[in-house]
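**Student:** Task: produce atomic coordinates for the following.
(one chain, ligands or ions: 2)
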Amino acid sequence: MASFFLRRKIFSRSLLGSKDPLRACFLFKFDCLGTAAATKVHPYTTSSNGAIRNDFTDLTCPHTWYPQARRKHRRVVLHVGPTNSGKTHQALKQLQSSDSGLYCGPLRLLAWEVAKRLNKANVPCDLITGQEREEVDGAKHKSVTVEMADVSADYQCAVVDEIQMLGCNTRGHSFTRALLGIAADELHLCGDPASVPLIQEILKVTGDDVEVHFYERLSPLVPLKVPLGSYSNVRNGDCIVTFSRRDIYKLKKKIENQGKHLCSVVYGSLPPETRTRQASMFNDATSEFDVLVASDAIGMGLNLNISRIIFSTLEKFDGFEIRDLTVSEIKQIAGRAGRYGSNFPVGEVTCIDAGDLPLLHSSLNSPSPTLKCAGLLPTFDLMYMYSRLHPEYGFYQILDHFLGNAKLSENYFIVNCEQLLKVAAVIDEFPLPLHEKFLFCISPADMDDEILAQGLTQFAENYAKRGLVRLREIFTPGTLTVPKTPSALKELESIHKVLELYVWLSFRLEESFPDRELAASQKAICSMLIEEFLQRLGWQMPIARRLPSRKMSTSMLTQHTRRSL
Ligand SMILES: Nc1ncnc2c1ncn2[C@@H]1O[C@H](COP(=O)(O)OP(=O)(O)OP(=O)(O)O)[C@@H](O)[C@H]1O
Ligand SMILES: [Mg+2]
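**Tutor:** Ligands and ions are numbered 1, 2, ... in the order given. Sure, this is the predicted structure:
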């Protein structure tokens, strides 16, 4: 045991000195373990009786956490306007013509798209997301998911897309970190005009120059006066929006049973590569999948050739309650219709029920409410220093202390830490150093997903016990089968997430999670099986209308039948 801990200490030290960009990103997720810069600004203050007291929970000046960016006099350009107004396009033009640059997107799919676009334009660009790392020779540009933005590097130009997400209750802190922390001469921010006053306010203290460019939609968006009424009125290019997976499959079946259309589906928990392929089939004018049934996962990122958005409902369950969609959600989703340059240059939007039309129309005519606060999360540094004063505390107690006592300026709020706390409660059971507990806490684990929670617990336990986690200990490769029911599908989606978690950990604890390739290949099989299920769901269609089977046949996979997780 002793030698195991010794080995891990050495590993951690070697990580700190690493020049490796991904490891550097890993460090910067902690903001940082390499504490020199950050500790300088941390508020050890003197109380009235002269005693030194710590004030680690003072989060009122988060701009001081990023000295490298503060040394720059950044030119910050906000590109704001409705969806489909060319904001990202303009920002990317600047990025492309710069000597070095960084694109930060909210989704892996967007990071993929941008890396592809830059490489195609002969601007070598690396792709770095939580789960993948594709390096291109000579690249001075990087396309990343916002969490992976490296705030220790210097760039000539950087783009943060969908910047209004700094108000997001769960991921807002990553956008705030990018806004305050990226050390670029030029920082381009693309998003909703509702974020402009808040960003201007936040940047008053950074010394940056701020310009705002407003954009108009490139193609018209027409709210229809009549509802869809019946599903027999669905036509080529339609996208029906609904919010539960059950309803997505119900609607897909209903539409396909009419015998006129085949439906692609897109929703949040589908593996990203499956979402991309479903979207490509829908976009491909020669494919028979000419209708899309989707959740609000289409609100951002995917390039979709949608003619008409049809809301099946304007209510959604948000994890706590059923509520009306907000103005910004309605506008963001509706705005996906009529993409500039697509086969449908005029977008239309309507509802299935006439009763929903007034809310749809009024929302489309209202500006999105102005953002008031940006998300924040205490840095690892602060928590670490606090923990040194309270070595008896577990990570849960430390985080809980910060949540209860943090002092914030009025421009910020602390993001929802429910998931972090749930992981912390589990991880505190294992003898791991604080930074490793923190790592597990920020991993992409949804503890409300039973299978994923089980996977994370097992990974952490095995890691704490032996410092080595083999995938085969919890998963038997080759045992995955095509799901036959929606609940089996859900299970397969969860297994995909466990495999993603393994890959994520393997990038950060490389020696201890050595089976990345195996996990990645099983992940790919998962997505193929899910797609197979999606195709079979149209089983009531006449045989001639079904697509030919994919290259990897089910029988190849079903020889191995037992899953053990
Ligand atoms: N000047 C242009 N020339 C050619 N194509 C353009 C131009 N501006 C935008 N486009 C194309 O129009 C589409 C919409 O542009 P873009 O994605 O930049 O809009 P956006 O405002 O960022 O929208 P979103 O809200 O979806 O992020 C894209 O396919 C983009 O390539
Ligand atoms: Mg955009």
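
**Student:** Which pLDDT value belongs to whichever residue of the stretch 201-350 of the chain sits closest to ligand 1?
**Tutor:** When distances are taken as C-beta to the nearest ligand atom, the stretch 201-350 of the chain reaches nearest to ligand 1 at residue 340, 3.6 Å away. Where C-beta positions appear, they are placed from N, C-alpha and C, glycine not excepted. If you check residue 340, the pLDDT there is 89.

**Student:** Low-confidence stretches in this protein?
**Tutor:** 1-54, 301, 537-565 (pLDDT under 70).

**Student:** where does it come near ligand 1, residue by residue?
**Tutor:** Proximity of the chain to ligand 1 (C-beta under 6 Å from any ligand atom) is limited to residues 81, 83-89, 190, 218, 339-341.

**Student:** so who does the residue of the stretch 201-350 of the chain closest to ligand 1 touch?
**Tutor:** 84, 86, 218, 219 (C-beta atoms under 8 Å, 6 or more residues apart in numbering).

**Student:** Now the element after the longest helix belonging to the chain, going C-ward?
**Tutor:** Using DSSP state H, we find that the single longest helix of the chain is helix 486-508. Once helix 486-508 ends, the next helix or strand along the chain (criterion: DSSP states H and E) is helix 516-536.

**Student:** Tell me the buried residues in the longest helix of the chain?
**Tutor:** Neighbour counts over helix 486-508 (16 or more other C-beta atoms under 10 Å) mark 489-508 as buried.

**Student:** How about stretch 440-454?
**Tutor:** Using 16+ other C-beta under 10 Å as the test for burial, stretch 440-454 gives 440, 441, 442, 443, 444, 445, 446, 447, 449, 451, 452, 453.

**Student:** Could you tell me how far it lies from the centre of the chain?
**Tutor:** Relative to its chain's centre, stretch 440-454 lies at 15 Å (C-alpha atoms, centre = their mean, to the nearest Å).

**Student:** Likewise for stretch 124-135?
**Tutor:** On C-alpha atoms, centre = their mean, the centre of stretch 124-135 falls 15 Å from the chain's centre.

**Student:** Okay, buried residues for that stretch please.
**Tutor:** For stretch 124-135, a neighbour-count test (16+ other C-beta under 10 Å) marks 125, 126, 127, 128, 129, 130, 131, 132, 133 as buried.

**Student:** ok, back up a step: okay, the residue of the stretch 201-350 of the chain closest to ligand 1 and residue 84: tell me how far apart.
**Tutor:** 6 Å (C-beta to C-beta, to the nearest Å).

**Student:** Need the overlap of contacts for these two.
**Tutor:** Common neighbours of residue 340 and residue 84 (C-beta under 8 Å, 6+ apart) are 218, 219.

**Student:** what number of residues lie near residue 232?
**Tutor:** The local packing of residue 232 (other C-beta atoms under 10 Å) involves 10 other residues.

**Student:** ok, now residue 348?
**Tutor:** When neighbours are defined as other C-beta under 10 Å, residue 348 has 20 of them.

**Student:** same thing with residue 386?
**Tutor:** 19.

**Student:** Tell me which helix or strand residue 369 sits in.
**Tutor:** Judged by DSSP H and E, residue 369 forms part of no helix or strand.

**Student:** Quick check, it in contact with residue 328.
**Tutor:** Yes - assessed by C-beta atoms under 8 Å, residue 369 is found in contact with residue 328 at 7.4 Å.

**Student:** Neighbour count for these two, which is higher?
**Tutor:** Taking neighbours as other C-beta under 10 Å, residue 369 and residue 328 compare with residue 328 leading, 19 against 11.

**Student:** Surely the more buried one forms part of a helix?
**Tutor:** Yes - using DSSP: H, G, I helix; E, B strand; the rest coil, the secondary structure at residue 328 is a helix.

**Student:** need the contact list for it.
**Tutor:** By C-beta under 8 Å, 6+ apart, residue 328 lies in contact with 164, 192, 194, 368, 369.

**Student:** Could you rerun that using 6 Å?
**Tutor:** residue 368 (C-beta atoms under 6 Å, 6 or more residues apart in numbering).

**Student:** Save the buried residues of stretch 124-135 as CSV, and put in secondary structure and distance to residue 229 too.
**Tutor:** Below are these laid out as CSV (DSSP: H, G, I helix; E, B strand; the rest coil; distance: C-beta to C-beta, whole Å):
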residue, secondary structure, distance to residue 229
125, strand, 47
126, strand, 50
127, strand, 44
128, strand, 47
129, coil, 42
130, coil, 43
131, coil, 43
132, coil, 44
133, strand, 49
